[in-house]
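Output the structure for:
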Amino acid sequence: MTQLPLEVYRIDMKYIRNLHNIDNRVFSVSPQIGKDERPFLGVIIVCNEHKYCVPLSKPKKKHEKMRDKIDFKKIVHNGTLIGVLNFNLMIPVENAQIQRIDTKIRKHDNMDTRKKKELLIKELERCNEHVSDLANTANVLYQKYISGENFTAREQCLNFKRMESECNKYNEKLRIFKIERGSSK
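Model (predicted):
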C-alpha cells in the first residue's frame with residue numbers, strides 16, 4: 001500500500017466509541033460526556049499494510065513546551081503552533097469507517113466554518129510538506145511497538161495489534177449487517 005498525500009478524515013462515531021470502550025485513551029466522541037460535537041479527525045498514514053488514522057488535535061498550553069518525539073509532532077505555521085499529531089493514539093481504519101473532510105471554502109460557509117476550514121487547510125499544507133517524515137515516524141513507532149521493543153513512549157501507545165483485531169471484528173460485523181440488510185429487501 002502506497003502512502004498518498006494526506007487529507008483530513010472524520011472517523012465513524014460508532015467505531016470510535018467501540019475502540020474507546022476497549023481503551024479509554026482513544027479520543028471520545030460520546031454525547032454522554034458532551035463530546036459528540038467534536039469529531040474524531042485525523043490524517044491517514046499507511047503502517048505495515050494497514051491504514052492508520054493519526055489524530056489531529058488542537059494544541060494545548062502544555063504542547064508549546066513539548067518537543068517533537070516519536071509519538072508526538074507539532075504542526076507549526078509561520079511560527080505559531082496550530083495543531084498536534086498524536087502518533088501514540090493512532091487507530092487502524094478501513095474505508096468503511098472514514099469520510100474525507102471537504103476543506104474547500106464555499107461562499108455559503110458561515111464564518112465559523114470558514115475559520116475551521118482555513119485552519120485545516122494550513123494543517124494539511126504543513127503535514128503534506130513533511131508527509132515522508134510523518135509516514136516514517138508512524139511506521140517506526142508501529143514497528144517498535146509491534147516488535148516488543150522497550151522504548152520511552154511504549155506505555156503511551158495504544159495496543160496496535162489489539163486495535164487491528166477490533167477493527168477487523170468491527171468490519172466483519174458491518175459486512176454481515178450489509179449482507180443481511182441486502183438479502184431482506
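
When you work out contacts or count neighbours from here on, use the C-alpha atoms and nothing else.
Will do.

Tell me where the protein has strands.
Counting by DSSP state E, the chain has strands at residues 8-11, 41-47, 50-57, 72-77, 80-86, 91-93, 98-100.

which residue sits closest to Glu7, ignoring its sequence neighbours?
Leaving aside its sequence neighbours, Glu7 sits nearest to Val43 (C-alpha to C-alpha, 6 or more residues apart in numbering; 5.8 Å).

For the one you found, give the beta-bridge partners.
Val8, Val54 (DSSP bridges).

how close does it sit to Val54?
With distances taken as C-alpha to C-alpha, to the nearest Å, Val43 is found 5 Å from Val54.

So between these two, which is more surrounded?
In this view Val43 and Val54 are compared by other C-alpha atoms under 10 Å, and Val54 has more residues nearby, 26 against 22.

which ones are touching the more buried one?
By C-alpha atoms under 8 Å, 6 or more residues apart in numbering, the contact list for Val54 reads Gly42, Val43, Ile44, Ile45, Leu85, Asn86, Phe87, Leu89, Met90, Ile91.

Let me know the pLDDT of it.
Note for Val54: predicted pLDDT of 94.

Now flag whichever of the contacts of Val54 is closest to Glu129.
When those are compared for distance to Glu129 (C-alpha to C-alpha), Val43 wins out at 13.4 Å.

That closest one and Leu6 touch, don't they?
Yes: counting by C-alpha atoms under 8 Å, Val43 does reach Leu6; the two are 6.0 Å apart.

any chance you could map the helices in this protein?
For the chain, applying DSSP state H gives helices covering 13-22, 61-65, 111-129, 131-147, 160-183.

got a list of what the closest residue to Arg10 other than its chain neighbours touches?
Nearest residue to Arg10, sequence neighbours excluded (C-alpha to C-alpha, 6+ apart): Leu41, at 4.8 Å. Residues counted as contacts of Leu41 (C-alpha under 8 Å, 6+ apart) are Val8, Tyr9, Arg10, Ile11, Pro55, Leu56, Ser57.

Could you report the distance from the closest residue to Glu166 other than its chain neighbours to Arg162?
Leaving aside its chain neighbours, Glu166 sits nearest to Leu19 (7.4 Å; criterion: C-alpha to C-alpha, 6+ apart). Going from Leu19 to Arg162 by C-alpha to C-alpha gives 10 Å.
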